[in-house]
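Participant: The sequence isn't on hand, but the structure is:
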């Protein structure tokens, strides 16, 4: 008699979904703050589980920061924070509590900076405060200090005339002052 072998789900085989983690998140019954990063952008979504498939309730892409005065990289730590702040402003008061879903990505300061942006906007998100990045990294001071150093590599030459900390503060002020 042949032994039947169980074939894992396609997304598990591809390394895209950890079903054990997903089930634990879904059992909470709360909406999820999904944070994803691509090669160019940071994407934040509020997702609700439904039997026919997850439903995206709100979504913000870091590309939207250009409307508020941000004109540098859209996947940096400051950009991730500002994207989280923008989403938090859109959803403030609409959810009692959220849980974070970063999926199978490696944990990084960019993901946690986006989380800090949502938390700083006043949204209640279950998290450990120890994982959040330092204020210097969120405001872009580490980028400014790197650009001031004399490098032979010119890959960041287009940002030489930009003060990230100043641009961060202006963009943050624009997000907080405008009705989103």
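Facilitator: Perfect, I can see it now. Since the model is a prediction, treat every value here as computed from it, not as a measurement. Residues are numbered from 1 along each chain as shown.

Participant: quick one: what helix or strand has the residue nearest the centre of the chain in it?
Facilitator: A centroid search over the chain (CA atoms, centre = their mean) returns residue 114, at 3.8 Å, as the residue closest to the centre. According to DSSP states H and E, residue 114 maps onto helix 109-120.

Participant: what's in contact with that helix?
Facilitator: 33, 35, 37, 42, 44, 75-78, 80-88, 98, 100, 102, 105, 125, 127, 131-133, 137-138 (CB atoms under 8 Å, 6 or more residues apart in numbering). Every residue, glycine included, has its C-beta placed from N, CA and C.

Participant: May I see the ChimeraX selection of the buried members of these?
Facilitator: In ChimeraX, this line selects whichever of the contacts of helix 109-120 come out buried by 16 or more other CB atoms under 10 Å:
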select :33,35,37,42,44,76,77,78,80,81,82,83,84,85,86,87,88,98,100,102,125,127,132,133,137,138
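
Participant: contacting residues around the helix or strand hosting residue 176?
Facilitator: Per DSSP H and E: residue 176 is located in helix 164-177. For helix 164-177, contacts defined as CB under 8 Å, 6+ apart pick out 65, 68-72, 76, 78, 82, 85-86, 89, 138-141, 143-144, 147.

Participant: what's the average pLDDT for that helix?
Facilitator: For helix 164-177, mean pLDDT is 93.

Participant: and if you look at stretch 135-151?
Facilitator: Per-residue scores along stretch 135-151 average to 84.

Participant: quick one: buried residues of that stretch?
Facilitator: Taking 16+ other CB under 10 Å as the criterion, stretch 135-151 shows 137-144, 147 as buried.

Participant: hmm, which two among those residues are most spread apart?
Facilitator: Within the buried residues of stretch 135-151, two members stand farthest from each other by CB to CB: 138 and 147, at 16.9 Å.

Participant: Which residue ranges of the protein form helices?
Facilitator: With DSSP state H as the criterion, the chain has helices at 10-13, 19-27, 77-91, 109-120, 135-139, 141-148, 164-177.

Participant: Of all the ones you listed, which one is nearest residue 55?
Facilitator: Residue 55 sits nearest to helix 19-27 of all these, at 12.8 Å, using CB to CB.

Participant: buried residues in the closest one?
Facilitator: 22, 25.

Participant: How about stretch 34-53?
Facilitator: So, applying 16+ other CB under 10 Å, buried residues of stretch 34-53: 34-35, 37, 41-47, 49.

Participant: just for the protein, where's the confidence low?
Facilitator: 1, 150-155, 180 (pLDDT under 70).

Participant: cutoff 80 now
Facilitator: Counting by pLDDT under 80, the chain has low-confidence residues at 1-25, 27, 104-105, 148-161, 179-180.

Participant: ok, the closest residue to residue 122 other than its chain neighbours - how many residues close by?
Facilitator: Here the nearest residue to residue 122 in space, its sequence neighbours aside, is residue 92; by CB to CB, 6 or more residues apart in numbering that works out to 5.3 Å. Residues contacting residue 92 under the criterion other CB atoms under 10 Å number 13.
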